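Okay, sequence plus prediction incoming.
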Amino acid sequence: MLHLGEASEKQNIEFSWGSKRRIVGPNKDIHLYESFTYDGVEYFLYDSVYLWRDNQPDPDIGKLGKGLSNINFLEAICGKCNVVCTSKDRRNPQASGEELRMADYIFYRTFDVGSCRISDTFADMIAGTEVVHFFNRKNNQKLMTCPELQANLKEKTGNSSSFSKGEVTNARNAVNNGKSGISTNRVAKESKIPAPSLDIFYKNTTLRPKTSIDKDGTRAARISCSEVENREKAKLYEELSPTGISDNRPPKKRKTQGSSESSKDPAKLLDPPPRLPDYREKFLDAKDSVGNRRLLKGVSSHDNANNISHEAAAQREQDRGTKTDSQIMEVTRRPDVDTRNWFKQQSWEERMQRAQEKGTLVLLENLDPSYTSSEVEDLVWNAFKAKVDAKMVQHSSFSSPHYGQAFVIFKSRDAAECAISELNRKCLMLNGRPIVGCRGTIREPGKPTRFIGHLVIPKVKFQRQREEMRDAVSTSHYSQPNTIEFDMAIEWRGLQEKSNLWWEALNKQQAKEIEDLRSRLKNPSFK
Amino acid sequence: MELSAEAEYAAFEEKVKRTVYLDNLSPQVTAAVLKAALNQFGNVTNVQIIPNYTGPENIPRCALVEMENSKQAREILLEMGNSPFMMSGQPRPVRALPAEVDMFEDRPRKPGRRIIFCWLDPKDPDFEVAKKLKRLTRKHAAEASFLLNHQLEEEEKLANQQAETLQANYKKYDLMESVLIDGSAKRLERHYNM
C-alpha cells in the first residue's frame, strides 16, 4: 500500500548567475559569468542541453554557445544532455567505456548543411566555434569518475567560457515572470543580453531508434552528426532523424533528472534514470536521413563503438535489475514534478489525438471525481511505474457525479496496453474504487453547426425582421415576456427541469447501488 | 511549501466562487461571444469552453466564465435564473449554474490529501466484489448514456414542435403581408365600406 504525497508543486523557476569572471576589457558594464543556474541545474558554456521547440513533441539537442544572441530563449532549455563524441580524431579526447555507458547520445561524424555531405573529418571551426568544444572535454574522464574534482573542473571550464551580460536584475525578473507564459519569457530579448544566448547546434535531434529492440526494451538509436558551414547566426544544424517510437525522454523528465539530483555531482547528474523501463542505449551507427536518403549503413571502422555500446547496454540492464523495484516502492511523487507547463505547447487535444493514433491513449474511469490531473499522474507512476501525462476530464452538467475520468498518455503503446491488461486482470483499488481502464478514444473535433433548440426561419420575407434575426444571432438578449420567444424559452426551461429530475433519480439510484456493493468489501481501508 | 499549497488552494476556491458555469450553449458561442455577452454584468476575466471529448457531439456546449468578483458571478446566476437569456440564437435559453471545483482542468491539489491504492490479485477475498464494482461502472455509464440520449431526443422533439409552431406563425404573417401587398386588403376594405 502506498501513499501519494501531496507536496505542492514548485511554481517559480530559479535563475541565477554563477560566479563572476574577472572583468577584462574596457567596458566595465559588462559582467562575465562562468555559469548560470537555472531551475536547479548549473550550466556552463558548451554544455549540451535539451532544447524545446515550438510544436515539437521531442526535444532538440544543442550546445550553449557564445555571442549568438536571441536565437533561443532561456526557457527552451529543459535539461542537460550528455553527448559524447566517438570520433577517432586525434584532437578528440577519447571517451572511456564508462563515459560511453553514461552517454545519452553519441556522434562521430559531421554533416555539412551547405554541401549536404557527411564527413568523418571535423573542421577546425564549426559554426564559428572551435571544434574542440564539440569534442569531449579533456577532463571528462576525471569528471565522470571523481566527482570531487568538480571544483577543479569549474575553474577550467570557467577559463574557457564566459557569459557576458548587461543587466542582471532585468533578466532575473524576466525569468520569474516566465511562468505566466511564453511571450513574457524572452529573457534574452528583453534584457538585451549579448551573450548568454543559446544556440541550437544540433537540430532535429530526434534519434532514430534502430529496428532491433532487445527484450528489455533497450533500443539502439542511430545518430549522425553533421557539420555546417559558418552561416549567419552561426547555427550548426545536425540532422538526427526522427522516427519510430519516440525514443527521447521528454524534456521535463530530463530537467528534473538534473534538478532532482545534486548538480554538484556531475556523475550523478549525467546518470540516466535507472528505473525507466523504456530507456535505451543510443549508439552511433552510420546512417543518415538527411534528405531522406540512406547514405551509409554500418561502417566497419566504428564497429568498435558499437560493441562498446552493446556492452554498456548489457551492463545497464544488469544495473536495472538490481536497482529497480525497491526504489519504486518508496516513491510517492514522481521524481519530476512538472514545473514547466509552458513546454506543452502542443495542445492537449492535439497530443491526445496523436496518442490515440499511436495507441498510447488510455481512459481511466471510476476515479474519484475530485482528483487532480497531477494526482492521477502520480497514481500511474506508483501503480504502473510509468511516467505519463494525464488530465482529468473536466466535469460538466453532463458528467456523472460519482465517476471521474482521466485521459492518460503513455510513452509507448506497449506501456499503455500493459496498463490496460493489468487493470483488467487485477484490480487497482483506490479508496474502494477499482479503476477501470480502456483504450482512450476522443471524438473527432468536428464542428457541429446545428444546435437543437435554436430555430431559423427558412424564408423570412420581411426585411425588417431579417435584420432583427441577424442581430439576435450575433448578440445576446433577454426574452421579453410578451413574445413567442419567451413562451418557447419557458418550454425549454420546463424540459430542463424535467431532465434534471431524471438525472437526479438516476444518480440517486446509482449512488445506492455503488454503496451497496462497496459495503461488501471486506478490507476496512476500502471504506 | 505546505503553507503555499494551502494558500494556492484557497486562491483557487476564490476563483471558483468568481466563476459561473454556463451550458445549453450553441456551438456558435465562442469565448469572444461569451465575453461580450457577459461583460454587461461586470468584467469577464477569463472564459474557457469546456471541451467535450467523451460525450456525443450534439450535446450543448458548456463554458466557465470567470468574473472579476463573486458578486458579479452571483448577479449573473440571479439574472439568468429570472429571465431567459439568449445567446447566439433563440428560443432555447442559456443556463447558468455556480461553478464547481471538478469543472476546472487546472485545479490544484487539495492540500493534505493522501491517496491510498493497492493492487488486488484474483486471490484476494475482495477481488470478486471489486470486479462487480468495475462492471457497475460500465453499467452506470451505459445508463447515463441512455438517459442522455433520451434527453437529447426530448429536446429534439421540442425543437421540432417549436419550429412547426414558428413556421405556422410565419405563414400567418406571410399571408397577411401578401394580402396587404397585392391590394386584396384594400379591395376588401372598399367592398365592406370600411
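Yep, it's here.

can you tell me which residues contact the closest residue to A:Ile442 other than its chain neighbours?
Closest residue to A:Ile442 apart from its sequence neighbours, by CB to CB, 6 or more residues apart in numbering or on different chains: B:Tyr53 at 4.3 Å. In short, each C-beta sits where N, CA and C put it, glycine included. Neighbour list for B:Tyr53: A:Glu349, A:Met352, A:Val393, A:Phe407, A:Ile442, A:Arg443 [criterion: CB atoms under 8 Å, 6 or more residues apart in numbering or on different chains].

per-residue pLDDT, residue 104?
Using chain A here. With respect to pLDDT, A:Asp104 has a value of 76.

that's the other chain; I wanted chain B
Confidence score, pLDDT, at B:Phe104: 93.

and it, how many neighbours?
Using other CB atoms under 10 Å in any protein chain shown, B:Phe104 is surrounded by 21 other residues.

And for the one 3 residues further on?
For B:Arg107, the number of neighbouring residues by other CB under 10 Å comes to 21.

Same check on A:Phe134?
For A:Phe134, using other CB under 10 Å, the count is 26.

repeat for A:Glu515
A:Glu515 - counted by other CB under 10 Å - has 10 other residues nearby.

which stretch of helix or strand covers the residue nearest in space to the middle of chain B?
Chain B has B:Asp23 as the residue nearest its centroid, 1.0 Å off, counting by CA atoms, centre = their mean. Here B:Asp23 sits within strand B:19-25, counting by DSSP states H and E.

any idea how far chain A is from B:Ala141?
7 Å (CB to the nearest CB, to the nearest Å).

That residue belongs to a strand, doesn't it?
No - counting by DSSP: H, G, I helix; E, B strand; the rest coil, B:Ala141 is not part of a strand but helix.

ok so, going back, can you tell me who the residue nearest to the centre of chain B pairs with across the strands?
The partner list for B:Asp23 in beta bridges (DSSP bridges) reads B:Arg95.

Secondary structure class of residue 49, three-state.
Chain wasn't specified; assuming chain A. Looking at A:Val49 with three-state DSSP, the answer is strand.

and it, what is it in contact with?
A:Tyr43, A:Ile61, A:Gly62, A:Lys63, A:Leu64, A:Ile77, A:Cys78, A:Gly79, A:Lys80, A:Cys81, A:Leu198.

what's the neighbour count on the second one?
In this case it means A:Ile61. Neighbours of A:Ile61 using other CB under 10 Å come to 25.

Kindly provide the distance from it to chain B.
For A:Ile61, the distance to chain B - CB to the nearest CB - is 31 Å.

Same check on the third one?
A:Gly62 sits 31 Å away from chain B when distances are taken as CB to the nearest CB.

what comes up buried for the helix or strand where that residue lies?
According to DSSP H and E, A:Gly62 maps onto strand A:60-64. Within strand A:60-64, the residues scored as buried using 16 or more other CB atoms under 10 Å in any protein chain shown are A:Asp60, A:Ile61, A:Gly62, A:Lys63, A:Leu64.

who does that strand pair up with?
By DSSP bridges, strand A:60-64 pairs with strand A:48-51 (antiparallel), strand A:198-199 (antiparallel).

Contacts for stretch A:415-428, please.
Against stretch A:415-428 from outside (CB under 8 Å, 6+ apart): A:277-278, A:359-362, A:380, A:383-384, A:386, A:408, A:410, A:434-439, B:117-122, B:124, B:126-127, B:130-131, B:134.

Near A:Ser115, how many other residues are there?
Count around A:Ser115 with other CB under 10 Å applied: 11.

where does it fall, helix, sheet strand or coil?
Per three-state DSSP, A:Ser115 ends up coil.

helix or strand right after the strand holding A:Gly62?
Taking DSSP H and E, what comes next after strand A:60-64 is strand A:77-80.

in its sheet, what does that following strand sit against?
strand A:48-51 (antiparallel).

hey, C-alpha coordinates of the strand it pairs with in CSV?
The C-alpha trace of strand A:48-51 is given here as CSV (Å, rounded to 0.1, in the frame of the first residue of the first chain):
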residue,chain,number,x,y,z
SER,A,48,25.0,20.1,-24.2
VAL,A,49,21.4,20.6,-23.4
TYR,A,50,18.0,19.6,-24.5
LEU,A,51,16.1,22.3,-26.2
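
circling back: can you redo the buried residues of strand A:60-64 as CSV with pLDDT?
As requested, the buried residues of strand A:60-64 are arranged in CSV below (pLDDT from 0 to 100):
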residue, pLDDT
A:Asp60, 73
A:Ile61, 75
A:Gly62, 75
A:Lys63, 75
A:Leu64, 73
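
in the residues you listed, which two residues are the furthest apart from each other?
Greatest spacing in the buried residues of strand A:60-64, by CB to CB: A:Asp60 and A:Leu64 (13.1 Å).

you'd agree A:Thr360 is up against A:Ala390?
No - judged on CB atoms under 8 Å, A:Thr360 makes no contact with A:Ala390 at a distance of 12.0 Å.

Quick check: neighbours shared by these two?
A:Ile409.

quick one: which of these two has more around it?
A:Thr360 (26 against 23).

Just give the number of residues close to B:Glu189.
11.

just B:Met86 next, same as before
Neighbour tally, B:Met86, other CB under 10 Å: 24.

got it, and B:Gln161?
Neighbour number of B:Gln161 under other CB under 10 Å is 12.

doesn't it fall inside a helix?
Yes - using three-state DSSP, the assignment for B:Gln161 is a helix.

what about it, distance to B:Ala63?
28 Å (CB to CB, to the nearest Å).

what's A:Pro369 in contact with, if anything?
With CB under 8 Å, 6+ apart, A:Pro369 has these contacts: A:Met392, A:His395, A:Ser399, A:Pro401, A:His402, A:Tyr403, A:Gly404, B:Asp102.

Leaving out sequence neighbours, find the closest residue to the second one.
Yep, that's A:His395 we're talking about. B:Asp102 (3.8 Å).

Please verify my assumption that that neighbour contacts A:His402.
No - counting by CB under 8 Å, B:Asp102 stays clear of A:His402, with 11.5 Å between them.

contacting residues for the residue nearest to A:His395?
B:Asp102 touches A:Pro369, A:Ser370, A:Met392, A:Gln394, A:His395, A:Ser399, A:Gly404, counting by CB under 8 Å, 6+ apart.

Can you pull out the low-pLDDT segments for chain A?
Where chain A drops to pLDDT under 70, the residues are A:1-14, A:20-33, A:39-40, A:52-58, A:65-75, A:139-345, A:445-449, A:457-475, A:527.

Show me it divided up by domain.
Listed domain ranges for chain A are A:15-64, A:75-133, A:348-439 (source: the TED database).

measure A:Phe134 to chain B for me?
41 Å.

Is that residue in contact with A:Ile126, as I believe?
Yes - using CB under 8 Å, A:Phe134 is in contact with A:Ile126, at 6.0 Å.

so B:Asn169 makes contact with A:Asp487?
No - with contact defined as CB under 8 Å, B:Asn169 does not reach A:Asp487; the gap is 11.0 Å.

Give me the more crowded residue out of those two.
Each of B:Asn169 and A:Asp487 had its neighbours counted (other CB under 10 Å), and the higher figure belongs to A:Asp487 (15 against 12).

for that one, what are its contacts?
By CB under 8 Å, 6+ apart, the neighbours of A:Asp487 are B:Pro91.

Keeping just the C-alphas, turn the helix-or-strand element of chain B with minimal mean pLDDT into CSV.
When each helix and strand of chain B is scored by mean pLDDT, DSSP states H and E, helix B:184-191 comes last, with a mean of 83. This file holds the C-alpha atoms of helix B:184-191, laid out as CSV (Å, rounded to 0.1, in the frame of the first residue of the first chain):
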residue,chain,number,x,y,z
SER,B,184,-56.7,42.5,-51.7
ALA,B,185,-57.0,44.1,-48.3
LYS,B,186,-57.8,47.5,-50.0
ARG,B,187,-60.4,45.8,-52.2
LEU,B,188,-62.0,44.1,-49.2
GLU,B,189,-61.9,47.4,-47.4
ARG,B,190,-63.8,49.0,-50.2
HIS,B,191,-66.1,46.1,-50.5
